[in-house]
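Asker: Next come a sequence and a model predicted from it.
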Amino acid sequence: MQTLTPLKEVVDIVNEEGGEILKLCYQCGTCTAVCPWNKVRSFIVRRIMHQGQLGLIDFEDEDVWLCATCNNCVKRCPRGVEIIDVMRALRRAVTELGIAKVPDSLRITIKNISGVGNPLGEPEDKRADWAKDLDVKLHTEGTEILYFPCCIPEYDPNVQRVAQATVNILKKAGVDFGILGNKANCCGESVRKAGDESVFERLAQNNISAFKETGVTKVVVSSPHCYHTLKNEYPKLGGNFEVIHFSQYLLELIKEGRISFEREVNKKVAYHDPCYLGRHNNIYDEPREVLKSIPGLELVELPYYRENSLCCGGGGGRIWMETKSGERFSDMRLEQALELGANVLAVACPYCMLNFDDSVLTLDKGDVIEIRSIAELVQQAL
């Protein structure tokens, strides 16, 4: 029988993370009703919230690690309870107090990020290898733009195409940009959502120092997770930079006439709204406007789109955790795209790309649909 653990230290951590707002929760069940997990299993968010109010949490329960931080519950909560912060606080209690076990795959990933600055555990001096044949300079004082790709497009061979397409577009548009190369490390977003606050702060301070040292003022990112962290969380640690997601910057380049299209992309494309671009940061229109501007491309909307978009399942550190067959949101999303007759599922997030690429393989749908970043589709039309 599982037992609930009353710990003053846990209550202190929850309160430090803004847990006092828990007192506003009146167990209406809205959070549970809108949680994507309840499409595939029973996940009672309000039960965890109630336990949090009492300071009695079953830390051995896997529910503590299920939250993908999609923000659907927060957007719907009638009392404004920041449920994601509560879940992050509970995970932080596990990490800092050692009162339960961190899932093995997540523990190994955090160890990699802490040790070598990236989740794949690859050598730090290989961070810029993806760009070695692209003639990309390092950012120095006076460079207009820092391109910050995210660890996944830098290290994962299957996703490097995102960063490479982005670089090709920036060069085509004549943008003065550079990268940090080996001076960069993981932004720390997933680490923080997984509860390791100390590692997050160290990663953030390292990046902030590197940005300041190389004269960075404006950052263009490929990942909504990097966008959210650099824009909304780094300023509290002294990192104040202009941060733009690449889909936003693409639209600027198109409107300014710095890139123009010469080829048609005759594809039926469904666009998936990433949680950290959409619900977390209210960026919905720019990716769609970019896609609509591509000649020959037919854009169709998935069920549950924009504010109601179905999470791919990769947030909150879950991109590094195992998800059982039959419980994968990305499989459901891919099926929705197929039902629309789409032959491309367009993404604006490396985590989404990882999950959807995996779904294409596991569902054996590679002959009927492909996963493409917005950058790749734009590059195809240049």
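Answerer: Sure, I can see it.
Asker: Please enumerate the helices of the stretch 201-350 of the chain.
Answerer: Using DSSP state H, counting those that start in this stretch, the helices of the stretch 201-350 of the chain run over 224-228, 246-255, 285-292, 329-339, 350-362.
Asker: Among these, which comes closest to Gly174?
Answerer: Nearest of the helices of the stretch 201-350 of the chain to Gly174, taken as Cβ to Cβ: helix 246-255 at 9.5 Å. Heads up, the C-betas are built off the backbone N, CA and C, glycines and all.
Asker: thinking again about what came up before, rebuild the helices of the stretch 201-350 of the chain as JSON lines, extending it with mean neighbour count, mean pLDDT and distance to Asn240.
Answerer: Compiled in JSON lines, the helices of the stretch 201-350 of the chain are given as follows (neighbours: other Cβ atoms under 10 Å; pLDDT from 0 to 100; distance: least, Cβ to Cβ, whole Å):
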{"stretch": "helix 224-228", "mean neighbour count": "27", "mean pLDDT": "98", "distance to Asn240": "15"}
{"stretch": "helix 246-255", "mean neighbour count": "20", "mean pLDDT": "98", "distance to Asn240": "19"}
{"stretch": "helix 285-292", "mean neighbour count": "19", "mean pLDDT": "98", "distance to Asn240": "23"}
{"stretch": "helix 329-339", "mean neighbour count": "21", "mean pLDDT": "97", "distance to Asn240": "35"}
{"stretch": "helix 350-362", "mean neighbour count": "22", "mean pLDDT": "97", "distance to Asn240": "25"}
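Asker: In JSON lines: the ones you listed, plus distance to Asp12.
Answerer: What follows is those, written out as JSON lines (distance: least, Cβ to Cβ, whole Å):
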{"stretch": "helix 224-228", "distance to Asp12": "26"}
{"stretch": "helix 246-255", "distance to Asp12": "39"}
{"stretch": "helix 285-292", "distance to Asp12": "41"}
{"stretch": "helix 329-339", "distance to Asp12": "34"}
{"stretch": "helix 350-362", "distance to Asp12": "32"}
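Asker: mind checking which of those helices is nearest Glu60?
Answerer: Comparing the helices of the stretch 201-350 of the chain under Cβ to Cβ, the one sitting nearest is helix 329-339, at 24.5 Å.
Asker: Could you list the domains of this structure?
Answerer: 5-97, 110-252, 261-381 (automatic domain parsing).
Asker: For Asp104, which of the ones you listed is the nearest?
Answerer: domain 261-381 (9.0 Å).
Asker: what about the closest one, distance to the chain center?
Answerer: 13 Å (Cα atoms, centre = their mean, to the nearest Å).
Asker: Now do the strands for the stretch 151-300 of the chain: every range, in order, please.
Answerer: 177-178, 218-221, 242-245, 268-271, 298-301 (DSSP state E, counting those that start in this stretch).
Asker: so can I have a markdown table of those showing mean neighbour count and mean pLDDT?
Answerer: Converted to a markdown table, these look like this (neighbours: other Cβ atoms under 10 Å; pLDDT from 0 to 100):
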| stretch | mean neighbour count | mean pLDDT |
| --- | --- | --- |
| strand 177-178 | 19 | 98 |
| strand 218-221 | 21 | 98 |
| strand 242-245 | 20 | 98 |
| strand 268-271 | 23 | 98 |
| strand 298-301 | 15 | 98 |
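Asker: can you put these in TSV and add distance to Thr140?
Answerer: Below are the strands of the stretch 151-300 of the chain laid out as TSV (distance: least, Cβ to Cβ, whole Å):
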stretch	distance to Thr140
strand 177-178	7
strand 218-221	14
strand 242-245	18
strand 268-271	36
strand 298-301	39
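Asker: The ones you listed: which one's closest to Gly98?
Answerer: Among the strands of the stretch 151-300 of the chain, the nearest to Gly98 by Cβ to Cβ is strand 218-221 (33.8 Å).
Asker: if we can go back for a sec, I'd like to know which of the strands of the stretch 151-300 of the chain is closest to Glu189.
Answerer: strand 218-221 (10.9 Å).
Asker: and that closest one, which strands flank it?
Answerer: Paired strands of strand 218-221, with direction, are strand 145-148 (parallel), strand 242-245 (parallel) (DSSP bridges).
Asker: Could you save those as JSON lines and add columns showing distance to Glu298?
Answerer: As requested, the strands paired with strand 218-221 are exported to JSON lines (distance: least, Cβ to Cβ, whole Å):
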{"stretch": "strand 145-148", "distance to Glu298": "30"}
{"stretch": "strand 242-245", "distance to Glu298": "24"}
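Asker: circling back to that earlier point, which of the helices of the stretch 201-350 of the chain sits closest to Ser105?
Answerer: So among these, helix 350-362 is nearest, using Cβ to Cβ, at 13.6 Å.
Asker: Okay, now the unreliable bits of the chain?
Answerer: Flagging of the chain using pLDDT under 70 yields the residue ranges 1-8, 10-11, 14-15, 17-20, 43-58.
Asker: Centroid-nearest residue for it?
Answerer: His225 (3.6 Å; Cα atoms, centre = their mean).
Asker: For Val243, see how far away it is.
Answerer: From His225 across to Val243, the span is 12 Å (Cβ to Cβ, to the nearest Å).
Asker: swap in Lys172?
Answerer: From Lys172 over to Val243 (counting by Cβ to Cβ), the distance is 23 Å.
Asker: Repeat that for Gly341.
Answerer: For Gly341 relative to Val243 (Cβ to Cβ), the value is 36 Å.
Asker: ok, now Tyr276?
Answerer: 12 Å.
Asker: try Ile371
Answerer: From Ile371 over to Val243 (counting by Cβ to Cβ), the distance is 25 Å.
Asker: likewise Val216?
Answerer: Distance from Val216 to Val243, by Cβ to Cβ: 10 Å.
Asker: Tell me who's in contact with Asn206.
Answerer: 117, 185 (Cβ atoms under 8 Å, 6 or more residues apart in numbering).
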